[in-house]
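Engineer: output the structure for:
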Amino acid sequence: MLEQGLPPGTRAFLVYLDDDGRRQIKPVPRAASVVDLETELISHLNGFLPSNALLEQLRAYCTDRLKQRGVLHDVVLPEDRRMLTLESLWESESITDQLKGHEFELADYWLRGLVLRLGELVQVGMDALDDEDANVEELHVRLYGRKPAQ
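Structural biologist: Presented below is the predicted three-dimensional model:
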């Protein structure tokens, strides 16, 4: 293929190893850019200020590719944001636990119901964030009172 020269409209050939370690050769059209993703992509991205839209597009692309490979199952929450979320849920849980032990007057049972529901919502949030074994369908039922639509 390479000895024959470039086909019409071709700028270059892209030679790379696929996921199985086999060498692949693809023609690159004249209008296309050639960047070595492993060694040049980050420096190209750092060389200009990409728009938020482009960065979102790149993130969506990378997320989809990692999910396809079975490497990424969900959106990754940075550790500092995860901990802030958990800390706020833990504090909310502490408040609801204290209120659950409160003796309510008969007229205040609506408040007791709200406290119990808030406690359940907090627990769903904590389980969703921090319990990898939590069943998503069960969390959905606890949150919405029904199974998710199929």
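
Engineer: need the contact list for residue 6.
Structural biologist: With contact set as C-beta atoms under 8 Å, 6 or more residues apart in numbering, residue 6 has these partners: 12-13, 27. Any C-beta I mention is one placed from the backbone N, CA and C, and that applies to glycine too.

Engineer: I meant to write residue 97 there.
Structural biologist: When contacts are counted by C-beta under 8 Å, 6+ apart, residue 97 touches residue 119.

Engineer: ditto for residue 93
Structural biologist: 119, 122-123, 126.

Engineer: do residue 126 as well
Structural biologist: Counting by C-beta under 8 Å, 6+ apart, residue 126 touches 86, 89-90, 93.

Engineer: tell me the phi and psi of it?
Structural biologist: phi -70, psi -40 (degrees, to the nearest 10).

Engineer: returning to what we had before: dump the contacts of residue 93 to a markdown table, plus distance to residue 148, secondary structure and pLDDT.
Structural biologist: Converted to a markdown table, the contacts of residue 93 look like this (distance: C-beta to C-beta, whole Å; DSSP: H, G, I helix; E, B strand; the rest coil; pLDDT from 0 to 100):
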| residue | distance to residue 148 | secondary structure | pLDDT |
| --- | --- | --- | --- |
| 119 | 22 | helix | 89 |
| 122 | 21 | helix | 91 |
| 123 | 18 | helix | 90 |
| 126 | 20 | helix | 88 |
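
Engineer: got the residues you listed as a markdown table, with distance to residue 61 columns?
Structural biologist: Output for these, formatted as a markdown table (distance: C-beta to C-beta, whole Å):
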| residue | distance to residue 61 |
| --- | --- |
| 119 | 40 |
| 122 | 35 |
| 123 | 35 |
| 126 | 31 |
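
Engineer: what about the residues you listed, which one has the most neighbours?
Structural biologist: Among these, the one with the most neighbours (other C-beta atoms under 10 Å) is residue 122, at 20 neighbours.
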